[in-house]
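Provide a 3D model corresponding to the input given below.
(chains A and B)
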Amino acid sequence: MFSFGSAQTRAERCSEIIKLLLLCIIWGISSLVSYSCAPTGAVGLSPENNIFRSEDYIVYTLQNNETPAELAEAFLGGRRKSWVIEEANAGVGFGNGDAIVIPLKDRNKGGLSAAGFQSIPILTYHRFAENCSTPMCIPTNTFELQMRYLKKNGYHVITAEELLAFLEYRQRLPQKSVLITMDDGYRSVYNIAYPILEKYGFTATLFIYTSFVGVSKMAITWDQLEEMQSKGFTIGSHTIYHSDLTRPKEGETELAFRARVKEELYGSKKIIDQKLGQDTYIIAYPFGYYDQISIQMAKNAGYKMAMSVKRGGNPFFANPMALRRDQILESDMQTFISRLKTFNHISLK
Amino acid sequence: MKHKPRIIGIVLMLVLAVGCAGIGKKSPAQLAEEYTAKAQDYEAQGNLVEALEQYKLVLTVDPENQLAKEKSTAIGQELHKKAEEHYQIGLKFYNQGQYREARKEFLTALRYNPEHAEVKDKLTSTKKEIDQVTRYIMHTLQPDETISTLADKYYGDYRKFHLIAEYNELEDATKVTVGQQIKIPVIEGMPIIADPAAIQTDTGESLETVPGKIITVKRYINHTVQPEETLSKLAQTYYGDLKKFDVIAKFNNLEDGVPLKVGQELKIPEVEGLPFFAEGKVEEAKMASLPPQMPEAEEESEKQKKEAIGKKQITIEDQAVHYRELGIELYKSKEYNAAIAEFQKVLNVNPDDSITREYLTKSHFQQGLVLFGKEDYLAARDEFKAALEYDKDCDKCDENIQKCENTYMEVHYDKGLAYFGDQKLADAITEWELVYALDPNYKDVNKNLTKARTLLERLENIKRSKTQEKKQ
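A predicted model of the protein is given here:
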């Protein structure tokens, strides 16, 4: 019995040892799993073996369902750059275990591909109202629908500063980039358009003619402009009096005409610079009219970009002092969508 | 106890089955393999730019990958070579005036080599120089004419056709139509064969005086360079001034410091404002060489014409209509100043728009009435004057101008009398001076002013003498 008992004890001992071994294995695996699954809290803190880095790229394996915005914040200096990661990983679901490509170099600053080149549409609005009777006024609900369309369809509303960097071949832009501009400085830009733009996280560039600011309840005020400026909106010049820069007025001498053009360009910049504490670098020619002299004078006055109302988009090699814009006049959605052409097809092989 | 191993087994299986992402993570070797496969696909399709990027990804996860290293170098070199080829083809197109084709080649070159500085400049800055030109000659294209023949006609050199093409923003200099208005840029310092009176600015006005930097050429003669001749010597011979060598240099497109060759053919221009010693050699300007093969101007189709007109008019009309209608709305809601701002914009586009002019008269007139009600008589008068400017027959404007001035003078004259009565001489003088400035003959204002000033002076003299007495 003893021997049997002793045999039993051995068997039990063996069983205990096996159990212990199994427990050790489970513990080991669990530790491994828990170590690699442990939430790190921040992208930058993930174990080094998740990151491969060269001078051109980072390849990062997702551990905590990190979003493109979080990766952009950690590796590209800001969430606004998340499009760089989204575009480089088109079709990737961004689930744990996915190897995400993060480009570190802006190689394609001109937005070129074998199929053609990028073009930036610039949309131009004037006035907004609940109900409109003229084509240059956009009803509130139409504007809301247009902005919703941009958001839902993945358009990036860029800033004037970003457009300038693109035109100077310094910085790439998202594939579906669009700039929103609003001319004249009507109060409805503040009352109607501004809240809608904010709702979608968009900004716009406003072109004001300074003699109109605060002139009546129809006009935007300097305080309102200052508020919008602080929210990332760009304020540009539309001259002082909105006069034609290309033709002398009735009875105006050549000399007086030149002096007027100069005052319109230099004077408005000075007023806006002082009122808003900025260096105004962008102008929209009144009526979109410009000629060689006004281009030259605008450059001399310190503007880096100038806008016309010639229809069409703007590739990186567009003349920054004669940019094209599409006036959003119609209220139907199809016309609006047709203005959002962000690519020119031409074989570049 | 019996169930224990089973439970442990189940737990282990669950852990393994559920696992986590860390376990599904791809190894560097797997990633390198994936990127290599993609790179090879791109290479097979001839998409070298994309292939190169995939090889760079291979080197990111596996820096020692020999294949990726070799391929990156080879593809990089291949792309540079291709970029250069496209750039050269682009230059050829560019020199033939086929800008659209040139642009396509330059863009392709830049795609292959994004840092190709010359290509980038060619695409972005070709228009900068010409942008600064503010004077031009308007030329209506005739049958048999091309942009090259125009360059020859105006610059004496067909090779300068690209200046005309760029200035007119032509996509393709070989495609022009009879009757097309072509602007010939007048570039400072570059001689142009033209009558100075034909030079215009963008405002559409001819300039009576042409600044010294504009060199207009009446005609030119041909000259074959002889031994020991230099540009300065030629300038001395033909213009009596050796410093004028640059006129010949620019007319012949000669670069600074490049010596002349014996037997070289030069064109010596006779320039407006400079003497010309040609001893009977002067002859009519003629083509020195044949321009490149460019198709002659074609007739523009009706459809093209309509399209061009349609495109231009939409914007202008839309804007003018908008501003006018908004102005009318504002006028109706008695926002006269804002309405005036809108109407002014319309007149900038269309100075003769009768409806706008009518509304401008009405807006200024109403604003005049508002200001009159606020007793701001001179500002009100200015509004009526403005109203009169847009409608010369506005009789009520004249009446109201008169009324404003009369009321203004009456009010200040009476105020003056009241101050005078209260012995406030200085205030009375101020009021009467306002009246006097407008009409020195108004009632007794002149007499009253003299009287008040004399009295004031006397009073001050008395005060002064009293002060002096006290001091003594």
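
Please work out which helix or strand belonging to the chain has the smallest mean pLDDT.
You didn't pick a chain, so chain A it is. When the helices and strands of chain A are scored by mean pLDDT, DSSP states H and E, helix A:2-37 comes last with a mean of 54.

that answer is for a different chain, and I need it for chain B
Ranking chain B's helices and strands by mean pLDDT, DSSP H and E puts helix B:21-24 last, a mean of 50.

Could you break the chain into its assigned domains?
Defaulting to chain A. If you go by automatic domain parsing, the domain ranges for chain A are A:43-103, A:112-345.

Chain B is the one I meant
B:28-126, B:128-271, B:303-456.

can you put those in CSV and add mean pLDDT?
Below are the domains of chain B laid out as CSV (pLDDT from 0 to 100):
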stretch, mean pLDDT
domain B:28-126, 92
domain B:128-271, 79
domain B:303-456, 85
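
Next, format the ones you listed as TSV and append distance to A:Pro315 and mean neighbour count.
Where C-beta positions appear, they are placed from N, C-alpha and C, glycine not excepted. Formatted as TSV, these follow (distance: least, CB to CB, whole Å; neighbours: other CB atoms under 10 Å in any protein chain shown):
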stretch	distance to A:Pro315	mean neighbour count
domain B:28-126	9	19
domain B:128-271	14	17
domain B:303-456	20	17
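
wait, which of the ones you listed is closest to A:Ser338?
Among these, the nearest to A:Ser338 by CB to CB is domain B:303-456 (14.4 Å).

The closest one and chain A, are they touching?
Yes: judged by CB under 8 Å from any CB of the partner chain, domain B:303-456 comes into contact with chain A at B:311, B:315-316, B:318-319, B:321-322, B:325-326, B:329-330, B:335, B:337-338, B:341, B:344-345, B:348-349, B:351.

sorry, back to before: let me have the domains of chain B in TSV, extended by distance to B:Thr467.
Formatted as TSV, these follow (distance: least, CB to CB, whole Å):
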stretch	distance to B:Thr467
domain B:28-126	77
domain B:128-271	65
domain B:303-456	16
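
Between these, which one is closest to A:Ala306.
With CB to CB as the yardstick, what comes closest out of the domains of chain B is domain B:128-271 (11.4 Å).

Would you mind listing what in the stretch 51-200 of chain A touches chain B?
Residues of the stretch 51-200 of chain A lying close to chain B (CB under 8 Å from any CB) are A:52-54, A:56-59, A:61-63, A:95-97, A:99, A:101, A:107-110, A:112-114, A:117, A:126-127, A:133-137, A:169.

Strands - which of the residues you listed land there?
If you go by DSSP state E, these have A:52-53, A:57-59, A:61, A:99, A:101, A:112-113, A:117, A:127, A:137 in strands.

ok, then the element right after the longest strand seen in chain A?
Scanning chain A for the longest strand, with DSSP E as the assignment, gives strand A:177-184. Beyond strand A:177-184 on the C-terminal side, the first helix or strand identified by DSSP states H and E is helix A:187-188.

Give the other helices and strands that that following helix contacts.
Applying 3 or more CB pairs under 8 Å, 6 or more residues apart in numbering or on different chains; DSSP states H and E, one finds that helix A:187-188 contacts strand A:127-129.

Now the strand it packs on: buried residues?
A:Arg127, A:Phe128, A:Ala129 (16 or more other CB atoms under 10 Å in any protein chain shown).

Tell me how many other residues surround the closest residue in space to the last one that isn't next to it in sequence.
It refers to A:Ala129. If the residues on either side of it in the chain are set aside, A:Ala129 comes closest to A:Cys137, at 5.4 Å by CB to CB, 6 or more residues apart in numbering or on different chains. By other CB atoms under 10 Å in any protein chain shown, 22 other residues sit near A:Cys137.

which residues sit in contact with A:Cys137?
A:His126, A:Arg127, A:Phe128, A:Ala129, B:His322, B:Leu326 (CB atoms under 8 Å, 6 or more residues apart in numbering or on different chains).

partners of it in the sheet?
For A:Cys137, the beta-bridge partners are A:Arg127 (DSSP bridges).

Check the spacing between it and B:Leu242 real quick.
Per CB to CB, to the nearest Å, A:Cys137 is found 67 Å from B:Leu242.

Over to A:Asn131?
Distance, A:Asn131 to B:Leu242, using CB to CB: 76 Å.

can you check A:Ala318 too?
46 Å.

tell me the pLDDT at A:Leu123?
On the pLDDT scale, A:Leu123 is placed at 97.

so what secondary structure elements neighbour the helix or strand containing it?
Element membership of A:Leu123 [criterion: DSSP H and E] is strand A:122-125. With contacts defined as 3+ CB pairs under 8 Å, 6+ apart, strand A:122-125 has these neighbours: strand A:177-184, strand A:326-327.

and residue 161, what is it in contact with?
No chain specified, so I'll use chain A. Contact partners of A:Glu161, counting by CB under 8 Å, 6+ apart, are A:Thr234.

sorry, should have said chain B
B:Gly97, B:Thr146, B:Ile147, B:Ser148, B:Leu150, B:Ala151, B:Ala173, B:Pro291.
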